[in-house]
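1. What follows is a protein structure lacking sequence information:
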């Protein structure tokens, strides 16, 4: 993460000519454009603090680029489900209408597909009535889809619908699309703000400390781990094996294990492990079973890919690596191992998948998704574009989409999350 | 269900010589041995009511066979997990100790295995302290196991441990074991009461209206259906496919669908369905997708076995038929069907399995498991043996284990449960 | 409950001339008008079974009084909130529209108030879209109100709006109103079906075994008892005192205590108790505290009214007795008692009130409210009127409103519920 | 918050002579004593960053002051209940025993009372078996109490029991006690580490960003707000009034309102408001009711104290100001206001109190309490004393207890929390 100051300069559509109708507090309470959050703030004896890298602080600005009364905003939700999507839609709508006085807010149907006129999907007008109760629901009331759409057709649509501000709620692919829309908008010389809101239940967006949906995922995953532990602990030599989301980063697996405190082994993509041999996972598991007669294993879907021959060669249509099913693989190998040793075990395999992501947001994610949405509205109304709303150690910040796209956040072995997992599991330091 | 009156006569160890220490109400409130519950109480013009078949009412008796102060009771939990097991253990223990004055209650470890001295498992003394908080936990704190153990060894153990009363909590296999223990006890001329408490999350024990765990299973399954519906409804042509428990009876699938009100198709063992053809399931699903662009399918694990060649020939070691995985089968067939029609669909498959059964009991099952346990204690202390505690339309009754074992309860197509499913799904009447 | 056969004869608008469009099962599955459920089915040695008293079985009829295509139905929800109201609205709407083919269903706003043209409230058209997600919400989307409205004005409204079938969802006062509407309808010679759906979170409607909302109330109340027990058990001499609903019957208090298994004293209207003296509640509580150092007390709001002077003299505007606040009263008396004995105690008082009733229905109540609604539609379409949908030991039945109104259901001391409370609390048999 | 660098210097018992048995990661992963977290890291144009104020980073040290094998640790929980207490007890115990190899860990019963030999309470040995399942329970299995105990007697007890490390889990009063114990220990020249773990459901400990229990409180409070909103919205002119915890700071009220998004007015101690007059609360409420016919008000228990005459004069035995019941006061004033205007309203008052704090920790608080406990163990083993574990913008830090005691954290009107409340409620900027 060797960012240069220029990587963090946020694009703007132009000078702000309108006074904000907001009065966040009695005394004003607007955030100055100069206020920034230091990227690093840990002082170490062995390295001086780099003061040059900082992030633009998000928040309501005193002056706006867009005149609310004649502005049209639109919201699109893309990719997989994530708890908090409806909360984002609701809070963005209410912030625009009630607090800024925007009179036309559109909900794009079915992801980027709904920006392509060929889909035949028409936008739904977002009103306070429409969004009244949607924050209690999982999923997205606007619908979603995966994959790219023709950029020119989408910008045509923005022009036809007179959309000035587009909020793109989604993960890496979605933000890549947002950036391409921004480039086409720029190329045509249009004054449209393209604002990203990061959505990743895996919590793996670069430079964003926490994203909505992750806390809910941990809460749901903890219930699954509790059930698996209960199964394993109720029989002699019971083994619970739970596969959780996380193709490239183990945040959900590690976080759920840390919350649960019941896991004995956590396997994540960031920490390759030997399967066989005296230092291998199977031997460690055997020792645990012989000593305690029950064990709980949590495995991220992207863990252990080094165990498959040619694992990096296979790609799907979008160029993402195709993962082998590590859960099923481990189940077979564990059963074979214990069969070979003549130790009877009872293995229960759980793969909760969609159960974790299709639920309503929990309290923390209700908070986070509301704030993300409102900060995105502030950014857009002040004319920021090609910008993503991020969080940096409990501050909301502006990040250039161009800097974030294509990056991923990974767990560091010295992170609190991973050292916490090691403390609670006692597993080997592979 | 053509029972004869003699099928419902409950065995007794002998005359009751001790006065009960219970005072359930100010006026006594004991249940007379003569009180019975009519098996059928629906009057129809076309058939006279059969008054000859009735069930012995459960409840505290005024006089006891066992003298509490010198009685030893033991509890064993067998088979798969089911919400409410710890509640049964706790309430039986407290009823025996606090209300009857029994001074020695043992918890058998790990199912029938713990009755076999060869296992090396030793019973745990059950005390109010030990059981204080166990009702808040899923699973069974005593542990469980599957499969039979040598009958003679188990009865030897009962003799060695001076166990007078054995409560066997489990499903059909467990009750079959209980009956064999009873026969051996009888053969040896021992005065031991063997009392069954039915445990079946599938709710398919014959002559028992409702068993603990089923309500919790429906509550958990409803959450899964809600997630699957949310997934399906969030994309264009989304299909949710949920596999639920139920090898021979569809009570969980039908009950969860009825609770949820979101399912469009419910497939159960009791109602075979054609897969292909104009009247088949796939065509009905296609119509639904073309009309509404989303669908939710619930399938019991034992449904559609007629679709597999030689499906009835294969048996497992215990003689139970081996089921093909109807969920995976349907997933493939549905995807192939829509691929063949050139209709793009997104199918999400959920198989919650253990998530449904390893949780703590919900309020209804907390009630039901408590009562089951206390009625079992009443039955045992009055000297009933070879007896199972059942519920019959909101009354607790005594059932001879011999009559129940090997039977199953199935959904009738005229049952409220199935007509309710048809009303809410609108699915074809196969 | 000495009913005569004539008390259970359900009124009908006339002969059924239309074939039902329903096909509940392949073979028909309609319920014959002759089928009845025996009121009593417990056989006792000391009393012959009375076969003369039975209840008409509810369910879909083969022939209808109303022709669905030209029928207008309306639903009104009255009185206090109860989990399941939105489920009733949704299922009645969907049953009418999808299964019967009724094309006009109206939702009356704000209870009976919305039937009075003077309120200015206009009915909302109930459509599948409108009701799609309302079953996930607590409260009633139609709104509610208390108290009576002018009968003639309401029947004028029914005539103006061409409403043929009116579903009145509510408690005793609501059903009294339904009956008066029915009388006025009859007086005017109109062919309108007035069908009641019982709503009582207290579960105290006469001749109805269980009503929706009660199971959810127990589930919520159990959480409150758990919290109060946790508070009491975390300090030395901690006392938890929880006031629960139940003005005339203690079903919620007793049910919640039975579910919870943590209560040591349950005080209900049906069982008066002495406060002072050696046999009194305060002395029993003192013994418990000295022995165990913590205690949990559950008190129904209508309990202990005999402790207030002139308690029966005071009435509110509707003629209901005004209850003194037994919770606050007990709190003061308990504190005074222990202060007098020089025993330091910490008392935590909880009064969850609305928290228990404003939540969405749990799984059991989702089931029950769905079925209640669909059975009510069946009854209405077949021309039943002045009829209430009841449950009788797991069967749905028709009850004449005239027979139910003004009655109350009380706990009997020999009921399973109360004997269960005594077994788990060990409290004195007052 | 004008801290000087010396305010943040943490006391230490002496040089660390033992190598840590921990291996948090393969490469070591110990935290250096020099590593610090900058207190402020927001860059503003108008003020230079103060680099002199920083906090010592918490975490495992490479070298220890105490030799684990001969160290005795003890844990005491004091004051009111807070979700996460049992998690702290469990994780501290397991970290000490499994990871450090400490062999004697004691649980002090009933708060500081259990450190006073006169209480007769004896410590309970904390073992992995004892703590196995306690993290699933609310409350504290060790018991708690309020108020001070004689310092000398408590230090005598520490000496008698050979306790080297004492973990004091509690709020401001508890930490004041911890500091006094530390002073007495110091005066006697003993080598005992006194380590504080902050416990405040109100989240108002100075210099600590977030404490366990707060997230759970918000989650519970959100449910209460949802119920109150449902009640208010179900009738014409319905008003929900909810009183939440927060004697001096409105974190729970503001946080719950922000999560809920349903509140229309949030009243907190930090923001005094006029009751009457055109700019007053009652007029604003009236406008809301006339416009929307329902309203939800959230009031912190310490709000509006300026409305009571002589409100600051009254103190309780501990010197804390006695608060008037603002909830009951507002209820009366609101009802009087609308009665005076002839506007019929229905007001539902909810005071959930203990329901919010006696529950088990939610996922976030399970995480936070686990980490707090393990960081406290690291601090203690390295010989820190008079030290409190804090969090500073997602980093765990060491704070001198002397600096924290007697301080309070308040919401600033420019805080994200309060501006978020203003954005979602639209309430006046008093």
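-> Noted; the coordinates are in hand. Values in this document were obtained by computation on a predicted structure and should not be read as measured data. Residues are numbered from 1 along each chain as shown, chains lettered A, B, ... in the order given.
2. what's around residue A:407, how many residues?
-> 12 (other CB atoms under 10 Å in any protein chain shown). (Glycine included, C-beta is placed from N, CA and C.)
3. my bad, should have said residue A:342
-> Residues lying near residue A:342 (other CB under 10 Å) number 6.
4. Tell me where the stretch 1-150 of chain A has strands.
-> For the stretch 1-150 of chain A, applying DSSP state E, counting those that start in this stretch gives strands covering A:11-12, A:18-19, A:36-38, A:42-43, A:54-57, A:63-64, A:72-77, A:104-107, A:124-125.
5. neighbouring contacts of the first one?
-> Contacts of strand A:11-12 with the rest of the structure, by CB atoms under 8 Å, 6 or more residues apart in numbering or on different chains, involve A:65, A:382-387, A:400.
6. Give the buried subset of those as a PyMOL selection command.
-> PyMOL command restricting these to the buried ones, with burial defined by 16 or more other CB atoms under 10 Å in any protein chain shown:
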select buried, chain A and resi 65+382+383+384+385+386+387+400
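7. just to confirm, which helix or strand has residue A:239 in it?
-> Using DSSP states H and E, residue A:239 sits in strand A:238-244.
8. how far away is the nearest residue to residue A:61 once chain neighbours are set aside from chain D?
-> Residue nearest to residue A:61 in three dimensions, not counting chain neighbours: residue A:382, with 4.1 Å by CB to CB, 6 or more residues apart in numbering or on different chains. As judged by CB to the nearest CB, to the nearest Å, residue A:382 and chain D stand 16 Å apart.
9. isn't residue A:382 right up against residue A:63?
-> Yes - when contacts are counted by CB atoms under 8 Å, residue A:382 is listed as touching residue A:63 (7.3 Å).
10. Residue A:276: what's it in contact with?
-> Here residue A:276 is in contact with A:282-283 (CB under 8 Å, 6+ apart).
11. Checking it next. Helix, strand or coil?
-> When classified by DSSP: H, G, I helix; E, B strand; the rest coil, residue A:276 comes out as coil.
12. what do you get for residue A:420?
-> helix.
13. That one - nearest residue in space that isn't next to it in sequence?
-> In this structure, residue A:420 finds its nearest non-sequential neighbour in residue A:258, 4.5 Å apart by CB to CB, 6+ apart.
14. Need the residues touching each of residue A:382 and residue A:63.
-> With CB under 8 Å, 6+ apart as the test, residue A:382 and residue A:63 both reach residue A:16.
15. returning to that earlier point: in TSV, list the contacts of strand A:11-12 along with pLDDT and secondary structure.
-> Shown next, in TSV, are those (pLDDT from 0 to 100; DSSP: H, G, I helix; E, B strand; the rest coil):
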residue	pLDDT	secondary structure
A:65	98	coil
A:382	98	coil
A:383	98	coil
A:384	98	strand
A:385	98	strand
A:386	98	coil
A:387	98	strand
A:400	97	strand
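16. What is the nearest of the contacts of strand A:11-12 to chain D?
-> Using CB to the nearest CB, residue A:382 is the member of the contacts of strand A:11-12 that lies nearest chain D, at 15.6 Å.
17. gap between the residue in the stretch 251-400 of chain A positioned nearest to chain C and residue B:10?
-> In the stretch 251-400 of chain A, the residue that lies nearest chain C is residue A:360 (9.2 Å; CB to the nearest CB). Using CB to CB, to the nearest Å, we find residue A:360 at a distance of 50 Å from residue B:10.
18. again with residue A:195
-> Using CB to CB, one obtains 73 Å as the distance from residue A:195 to residue B:10.
19. between the two, who's got more neighbours?
-> Using other CB under 10 Å as the criterion, residue A:195 and residue B:10 rank with residue A:195 on top: 29 against 20.
20. pretty sure that one belongs to a helix, no?
-> No - per three-state DSSP, residue A:195 lies outside any helix segment and is strand.
21. And for residue A:119, nearest residue in space, chain neighbours not counted?
-> residue A:113 (4.7 Å).
22. Contacts only, for that neighbour.
-> For residue A:113, the contact set (CB under 8 Å, 6+ apart) comprises A:119, A:121, A:145, A:149, B:236.
23. what sits against the second one?
-> Just to be clear, that refers to residue A:121. Applying CB under 8 Å, 6+ apart, we find residue A:121 in contact with A:108-110, A:113-114, A:143.
24. cool, the first one as well?
-> Under the criterion of CB under 8 Å, 6+ apart, the contact list for residue A:119 reads A:109-110, A:113.
25. can you tell me how far it sits from residue A:19?
-> 39 Å.
26. May I see the contacts of strand A:11-12 organised as JSON lines, with distance to residue D:44 added?
-> Below are the contacts of strand A:11-12 laid out as JSON lines (distance: CB to CB, whole Å):
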{"residue": "A:65", "distance to residue D:44": "23"}
{"residue": "A:382", "distance to residue D:44": "18"}
{"residue": "A:383", "distance to residue D:44": "22"}
{"residue": "A:384", "distance to residue D:44": "19"}
{"residue": "A:385", "distance to residue D:44": "24"}
{"residue": "A:386", "distance to residue D:44": "25"}
{"residue": "A:387", "distance to residue D:44": "21"}
{"residue": "A:400", "distance to residue D:44": "21"}
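27. about what we covered before: then the residue nearest to residue A:420 would be within a strand, right?
-> No - membership of residue A:258 in a strand is not supported by three-state DSSP, which gives helix.
28. and it, how many neighbours?
-> Using other CB under 10 Å, residue A:258 has 27 neighbouring residues.
29. cool, residue A:156 as well?
-> Residues lying near residue A:156 (other CB under 10 Å) number 16.
30. what about it, which SS state?
-> Criterion first, three-state DSSP; result for residue A:156: helix.
31. can you tell me which residues contact it?
-> Residue A:156 neighbours (CB under 8 Å, 6+ apart): residue A:117.
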